[in-house]
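Peer 1: Got a predicted structure here, sequence first:
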Amino acid sequence: MENQQFSGRVGLVTGGTRGIGRAVVLELARRGCSVAFNYSKSADEAEKLKAEVEALGVKAFAAQCDVASTEASAEFVKAAASELGGLDYLVNNAGITRDQLILRMKEEDWDAVIDTNLKGAWNFSKAVLRPMMKNENGGSILNMASISGVVGMLGQSNYSASKAGMIGLTKSLAKEVASRNITVNALAPGMIETEMTAEMNADFREKILASIPLARFGSVQEIADAAFFLLTARYITGQVLQADGGLAM
């Protein structure tokens, strides 16, 4: 039954080929949604994921897209909606880090993170509104923020600013589109087991673990479960859910 629960619905996940994004793509597909996702570099990873999605009995659409480009984002959304027959869910997940203390941070590292993480979310949110407004049941937008945007992290002035900006975007947009039955929420993961955290210095990892009340990192599947909940909860909007094991209580 689960695979038919959302049959006919369509989701779009930016940055969907790795980590949390990949887990969300597969969760949507398992629930019966057709899924579109973009990639920035690896066409091979995208093709493998596309095959996995289609093996679950739903449609998939994948293409390269620079989320920081307003024009490219609009074209991707148009192509995905045309290929898959509409658009119900958007997950703004694409994100990068360029960590450095602000005194050493280069201007291009600030710009790259803000453009990808924050402007990318704005670009896709703007582009999906018209397709979603055509839906009888509206739609849902989920911005993948971070605990870094809630409390701030050392050496992440660019990343923390981008994720805090996504939270502000969430609350503002939620008010703008509520009358169209479109919900907008944010999910703020803490420390999650991904390729990025796997490269952490062992001492730093232990220090972070000691500050997490649940005493472990989260899994990408746990974040995908939380993402699906927020996408489908029709009476929740403008909210930020912290999935961080209690790190920022």
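Peer 2: Alright, I've got the coordinates.

Peer 1: Just want the most central residue of the protein.
Peer 2: Asn93 (2.1 Å; CA atoms, centre = their mean).

Peer 1: Give me the neighbour count for Lys106.
Peer 2: 11 (other CB atoms under 10 Å). Heads up, the C-betas are built off the backbone N, CA and C, glycines and all.

Peer 1: what do you get for Lys119?
Peer 2: By other CB under 10 Å, neighbour count at Lys119 equals 18.

Peer 1: so who does the closest residue to it other than its chain neighbours touch?
Peer 2: Of all residues not flanking Lys119 in the chain, Ala68 sits nearest, at 5.5 Å (CB to CB, 6 or more residues apart in numbering). Each residue near Ala68 by CB atoms under 8 Å, 6 or more residues apart in numbering is listed here: Asp115, Thr116, Lys119, Gly120, Asn123.

Peer 1: switch to 6 Å and redo it
Peer 2: Asp115, Thr116, Lys119, Gly120 (CB atoms under 6 Å, 6 or more residues apart in numbering).

Peer 1: So the last one, which state does it fall into?
Peer 2: Look at Gly120: counting by DSSP: H, G, I helix; E, B strand; the rest coil, its state is helix.

Peer 1: coming back round to it: in JSON lines: the contacts of Ala68, plus distance to Ile147.
Peer 2: Shown next, in JSON lines, are these (distance: CB to CB, whole Å):
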{"residue": "Asp115", "distance to Ile147": "22"}
{"residue": "Thr116", "distance to Ile147": "19"}
{"residue": "Lys119", "distance to Ile147": "21"}
{"residue": "Gly120", "distance to Ile147": "19"}
